[in-house]
Structures are given as structure tokens and as C-alpha cells.
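J.: Following is a predicted model, sequence given first.
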Amino acid sequence: MLGYVMLGTNDLPRAAKFYDALCAEVGGKRFLETDRFIAWSDGKGAGLSVVLPDNGEAATVGNGTMAAIAVDSRAKVDAMHKKALELGGTDEGAVGERGTSGFYAGYFRDLDGNKLNIFTMPQPA
């Protein structure tokens, strides 16, 4: 049901470079762009976007706010988490299994401090 996630940025060109490279890891491409906003999608699910705040004030990180990007394999979780760190993101939780349900994730913050995770989990039978 989720349509897209929007993350604030204070430097759109820097955020664009980060997310162009990160989203490319799973086939994501820009599909919508203005001078204040860029959105990416893989054409299969929810989109991810970055935006300069409309009110003209600085973008800030929400406490307890996180966007999660679903992928279809542990290898993609590993690759995207690694790529995020290579691009200058900071580690917020190493890649690994959480709990006993098969939920496998890695957590990071982007260049603006937004918290994201990349995850996969078994599909119900």
C-alpha cells in the first residue's frame, strides 16, 4: 500500500549522486524530477524520493523515522548496505538476521542523516 517515501535533503545534487548509485544496485532509476525533488523507482513497488523542504527551512532527521527498502535476496541486502557505506553513508546496524523469522537487514544513514534499512524476508507459503 505504500506509494513512496520522501526524505529531506539540504543538498539535492549530493543526495542525487548518492541515490543514483544506491538505487542502481537494484535496478532503480529516476522517474520524476524537478529543481527541488527527485524520485527513483524500480517499476515494481514503492518509490523513494529526496526533496528540498517546501518551507525553505533546513531539512532535519525525524527521531524514530526510517525508510525500509525491500529486496528479494540476502545478496542484494549485502550489496546495497555495502554500497551505501562506500558512498559515504554511516553504518547504523550491520547486515544480518534479526530474530527467528528470516528477516535479514542492514541499516544505514544517508549523507543527510536519514535512517534507512535494506531488508529481505521469506515470503509466506
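T.: Thanks, I have it.
J.: Tell me the secondary structure of residue 15, please.
T.: helix (DSSP: H, G, I helix; E, B strand; the rest coil).
J.: Would you report the backbone torsion angles of residue 58?
T.: Dihedral pair for residue 58: phi -70, psi 140, per degrees, to the nearest 10.
J.: Surely it and residue 52 touch.
T.: No: Residue 58 is beyond contact range of residue 52, at 9.8 Å (criterion: Cβ atoms under 8 Å). For the C-beta atoms, the positions are set from N, CA and C on the backbone; glycine is no exception.
J.: shared neighbours of the two, which are they?
T.: Jointly contacting residue 58 and residue 52 under the rule Cβ atoms under 8 Å, 6 or more residues apart in numbering are residue 10.
J.: Comparing those two, which residue is more hemmed in?
T.: residue 52 (18 against 10; other Cβ atoms under 10 Å).
J.: ok, that one - contacts?
T.: Neighbouring residues of residue 52 by Cβ under 8 Å, 6+ apart: 8-10, 12, 36-37, 59.
J.: Ok, residue 87 next?
T.: For residue 87, the contact set (Cβ under 8 Å, 6+ apart) comprises 17-18, 21-22, 111.
J.: Phi, psi for it please.
T.: phi -80, psi 0.
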